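A.B. asks: Here is my input; please provide its structure:
(2 chains)
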Amino acid sequence: MRTFLAMTAMATLLAGTVANAADTTLTISSYGGVYQEAQSKSYFQPLMAENPGIKIVEDSSSSNAKLKAMVETGNVTLDLLVTDDSFGLDTDAQWLEPIDYSVVDKSKFIEGAAGTYRVAADIEGTVLAYNAEEFGGEAPKGFVDFFNTEKFPGSRAVWKYAASGIFEAALIADGVKPEDLYPIDVERALKKLDTIKEDLVWWESGSQSEQLLSSGEASMALVWVGRAVNVAEKGIKIDWTNWTSQTGYWVVPKGTKNKEAAMKAINFFTEPAQQIAFTKYMPYGPSNKNALASVDAKFKGSLPTDHLDTRVMMNADWWAENGAKVDLRFQEWLLQ
Amino acid sequence: MNVSAQDGGAPASARAPWSLPVPSAFWLIAPAVLFLALFFVFPLLKLVAISLPGGSLEYYEQIFTTPVFLRVIGETFRVSLIVTFVTIAVAYPYAYAMAHGGRTVLLLLTVALLIPFWVSLLLRSFSWIVLLQNSGLINDFLIAMGLIEKPVRLIRTPFGVMIGMVHILLPYAVLPLYTVMKKIDLRLMEASSICGASWLKGFMRIYFPLSLPGVAASAILAFTLALGFYITPALLGSPRDMMIAQMIAGQFNEQLNFGLGAALAVVLMVLTAVAFGLFGAARAALQSRGRAKGGV
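C.D. replies: Numbering: from 1, shown residues only, chains lettered A, B, ... in the order given. I've put the predicted structure just below:
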């Protein structure tokens, strides 16, 4: 046992020496795949090139559950993570460091992008995607047509997640104005969903949503914009009449040893040059208002930030407070 | 040592000088016990602790008073039972052919059984999507043959879950059956036919009872594995076919409610242990009955 302990101590010492080659090692966890590759090319590598003292180690896939468990066990191995709308709110204060706005410039962000514990990394969206061949040249317009199975027959693919925007979509299709959505009338939304329940197909991963659209299994879907753009070649189009907000955020776990470097990194990643570079690889818009006008031409027109006027803002605080209850009701409805 | 001397083996003094004394059983299992204690028992106790915040039973109360949870637990057991039954029904003749079909058949069937076994579970479930979806191979074929006009819904149905789960569980059911069947002396069947019994009667009175320990072992394995299925029902089933593992994952990953998720996991574990115990008791009863009969 003693030898074992000695060996562990030595291994730790050795690991320490290696880490010292760079002054600071930042471990960043993102969602993997093309998304993280894009972040690596436009955020991580430029940061290392400009700051030789900082080494970025990438990790994936980022998970709110993992972050929570990591902070609760006091073994914080990640310095910076990407998260979604459901996390990083004031109710999650016990697991996160507040964003240091003396390091991060708060004034550069678009509205709603700079929170107490999170800063928007990119502006995403859940959009109505449809198979252009299905409807003989007719294009669905907004959530109303998503619920109109007479005019637009076929299966509808939706994320099996209460806070995916499906409740908002149902209510808007039922005539509720976007500004009157909250508090969500859960029963009214479910009643509206009942009208297309037999045509609903649920997806649980981004790749599954792509597969449902590209195979022709679903004629319409509510999917993450990046996934819709991925299958554009297969004749899948996006209707921007209504779409629900979705955002990627940077958060810093409570208790990280590299808090200051993490804050500096957040500020660097959200500068116009980096955010514009990001739009070369992903159809997600910048959260920096000074980058909005000069996005790369590649996805121009398919970026959520090109359609901010029709965005339906999801109320993350309402969902944080009521999500668990609504989820149970949603599961119960699914089983019926 | 006495035994080996009686058998005509080498006496103890002639033992090769390099052979070590056999360590006691405790030291042999110590690494495994330590490993399990550290990486299984300890985390499991942690899980139980998380499900009881401050000794409060609130999460368990919530589970047993919320219809959704009870329904999903019930559904999990119902689906697992049916899947176990179907799996055994498919595995039984398969194992029979492996045990008594000769060497070529055995080789072919083993390869056919084990190759998919080595492919990842996720990949196999996705392969079923390719086959079963509306624009999948089976529907395309049936339409091309003119047998159906519109695609039949095969995926996202209880049938989809069933076929996916049975496929994955098949090797677990076949192998215990095969080992038991291989040991059954087929001369007993010959003897019964000499005595005038038909094949069916011989099978029902002799072969089947002798193969029951294999059936029991397969059923326990298939059933307990089925209870914990997660990916397959998620990919091949409809939301109505939700199983408890999906609900546990939802509580951990989406709701970040570790307490409720842990309590659900503990409930699944306890119910599985109960089912396991019942199966074990039934199996023991069966064996003692078999011995009593054999003694007569």
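A.B. asks: Do a quick rundown of the helices in the stretch 201-336 of chain A.
C.D. replies: With helices called from DSSP state H, counting those that start in this stretch, the stretch 201-336 of chain A shows them at A:206-214, A:225-230, A:259-269, A:272-278, A:316-335.
A.B. asks: can you list the ones you listed in CSV and add mean pLDDT, mean neighbour count and distance to chain B?
C.D. replies: Glycine gets a C-beta too; all of them are placed from N, C-alpha and C. Formatted as CSV, these follow (pLDDT from 0 to 100; neighbours: other C-beta atoms under 10 Å in any protein chain shown; distance: least, C-beta to the nearest C-beta, whole Å):
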stretch, mean pLDDT, mean neighbour count, distance to chain B
helix A:206-214, 91, 21, 7
helix A:225-230, 94, 23, 17
helix A:259-269, 97, 21, 22
helix A:272-278, 96, 20, 26
helix A:316-335, 93, 18, 4
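A.B. asks: So which of those helices is nearest residue B:156?
C.D. replies: Of all those, it is helix A:206-214 that lies closest to residue B:156, at 10.4 Å by C-beta to C-beta.
A.B. asks: for that closest one, the distance to its chain's centre please.
C.D. replies: 17 Å (C-alpha atoms, centre = their mean, to the nearest Å).
A.B. asks: again, but for stretch A:172-181
C.D. replies: 23 Å.
A.B. asks: For the stretch 51-200 of chain B, which residue gets nearest to chain A?
C.D. replies: Residue nearest to chain A within the stretch 51-200 of chain B (C-beta to the nearest C-beta): residue B:68, separated by 4.5 Å.
A.B. asks: Can you tell me the element that residue falls in?
C.D. replies: helix B:67-100 (DSSP states H and E).
A.B. asks: May I have the residues that are in contact with residue A:234?
C.D. replies: Residue A:234 is in contact with A:213, A:214, counting by C-beta atoms under 8 Å, 6 or more residues apart in numbering or on different chains.
A.B. asks: Residue A:215 versus that one, what's the distance?
C.D. replies: Applying C-beta to C-beta, to the nearest Å, one obtains 9 Å for the distance of residue A:234 from residue A:215.
A.B. asks: Over to residue A:236?
C.D. replies: Residue A:236 is 11 Å from residue A:215, by C-beta to C-beta.
A.B. asks: out of these two, which sits in the more crowded spot?
C.D. replies: residue A:236 (23 against 17; other C-beta atoms under 10 Å in any protein chain shown).
A.B. asks: In contact with the more buried one, which residues are there?
C.D. replies: If you count contacts by C-beta under 8 Å, 6+ apart, then residue A:236 has A:129, A:130, A:131, A:132, A:213, A:214, A:228 around it.
A.B. asks: Tabulate these in TSV, adding columns for distance to residue B:26.
C.D. replies: Below are the contacts of residue A:236 laid out as TSV (distance: C-beta to C-beta, whole Å):
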residue	distance to residue B:26
A:129	63
A:130	67
A:131	66
A:132	70
A:213	60
A:214	59
A:228	61
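A.B. asks: ok, of these, which one's closest to residue A:89?
C.D. replies: residue A:228 (27.1 Å).
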